[in-house]
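Participant: no sequence on this one, just coordinates:
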């Protein structure tokens, strides 16, 4: 399992992913699930993946090949005219990759090779945009009603995001909110784990505004985890007591 969050705010986009992948409790590995490409001054595009590792690695490898040997007949990360066209092409590639792997495995492969992808970025002259691509290749875009996307193990961290999100929040507050969401998920599910990858994409920066890997000895994340637990306990004890006496 995995957990990835993409959040759009007025200042740009905040992305975070874990790096854990496992096939049982005794087979745990670390794999990067966040990738990005840029053309300085022209575009910045990032992808986060969740699902079958063979599928996601195949998609990323094919995207890498296209950036190194761009084909004029294909829309690639580096020459797509809009984020919509780029995401459409990634969706087609994801669907084709899943179909190929399922056919190769016959009935045994049905439902085993699915994956979901978050795509974020900006192309010069346009606004930053955030999308989520489903295994079928179709996708949706973030909006004022849905300003963030989660993929993987989403349920534990979602209430934090819903209660704390504000479109005009600073990058610092957005990162803090996402870290609290991850801390809640890590506490509840062992299939999501450190290290975590953080990427901040500022509007019109066309490159990483901030990039950081959160490891097990990261002092800020440790403080966030400890203080959030203390704050929850304090808030709980400040609530009025329930009474068994009839009213």
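Facilitator: Arrived safely. Bear in mind the structure is a predicted one, so any value in this text is a computation, not a measurement.
Participant: Please name the nearest non-neighbouring residue to residue 149.
Facilitator: Leaving aside its chain neighbours, residue 149 sits nearest to residue 132 (4.3 Å; criterion: Cβ to Cβ, 6 or more residues apart in numbering). Heads up, the C-betas are built off the backbone N, CA and C, glycines and all.
Participant: Confirm that that neighbour sits in a helix.
Facilitator: No: secondary structure of residue 132 (DSSP: H, G, I helix; E, B strand; the rest coil): strand, not part of a helix.
Participant: Report how many residues lie close to it.
Facilitator: Residues contacting residue 132 under the criterion other Cβ atoms under 10 Å number 23.
Participant: Could you do residue 235 as well?
Facilitator: 9.
Participant: Can you tell me how far it is from residue 219?
Facilitator: Residue 235 sits 24 Å away from residue 219, going by Cβ to Cβ, to the nearest Å.
Participant: What is the subsequent helix or strand relative to the biggest helix by length in the chain?
Facilitator: In the chain, assigned by DSSP state H, the helix with the most residues is helix 83-105. Once the chain leaves helix 83-105, the next helix or strand it forms, by DSSP states H and E, is strand 115-123.
Participant: if we can go back for a sec, any idea how far the residue nearest to residue 149 is from residue 33?
Facilitator: Per Cβ to Cβ, residue 132 is found 14 Å from residue 33.
Participant: rewinding a little: what residues are up against the residue nearest to residue 149?
Facilitator: If a contact means Cβ atoms under 8 Å, 6 or more residues apart in numbering, then residue 132 has 6, 116, 117, 118, 119, 139, 140, 142, 149, 151 as its contacts.
Participant: Please indicate which of the residues you listed are buried?
Facilitator: Buried subset of the contacts of residue 132 (neighbour count, 16 or more other Cβ atoms under 10 Å): 6, 116, 117, 118, 119, 139, 142, 149, 151.
Participant: by contact count, what packs against the helix or strand of the chain with the lowest mean pLDDT?
Facilitator: Lowest mean confidence among the helices and strands of the chain (mean pLDDT, DSSP states H and E): strand 20-22, at a mean of 82. When contacts are defined as 3 or more Cβ pairs under 8 Å, 6 or more residues apart in numbering; DSSP states H and E, strand 20-22 sits against strand 28-30.
Participant: switch to 6 Å and redo it
Facilitator: Applying 3 or more Cβ pairs under 6 Å, 6 or more residues apart in numbering; DSSP states H and E, we find strand 20-22 packed against no helix or strand.
Participant: please renumber so the chain begins at 43
Facilitator: Got it, first residue is 43 now, which makes that one strand 62-64.
Participant: and residue 74, that's in a helix?
Facilitator: No: Residue 74 sits outside any helix when classified using three-state DSSP, being coil.
Participant: what's the spacing between it and residue 95?
Facilitator: Using Cβ to Cβ, one obtains 11 Å as the distance from residue 74 to residue 95.
Participant: Check residue 215 too.
Facilitator: The gap separating residue 215 from residue 95 is 33 Å, by Cβ to Cβ.
Participant: Please apply the same query to residue 125.
Facilitator: Taken as Cβ to Cβ, the span from residue 125 to residue 95 is 26 Å.
Participant: Likewise for residue 268?
Facilitator: Relative to residue 95, residue 268 is positioned 32 Å away (Cβ to Cβ).
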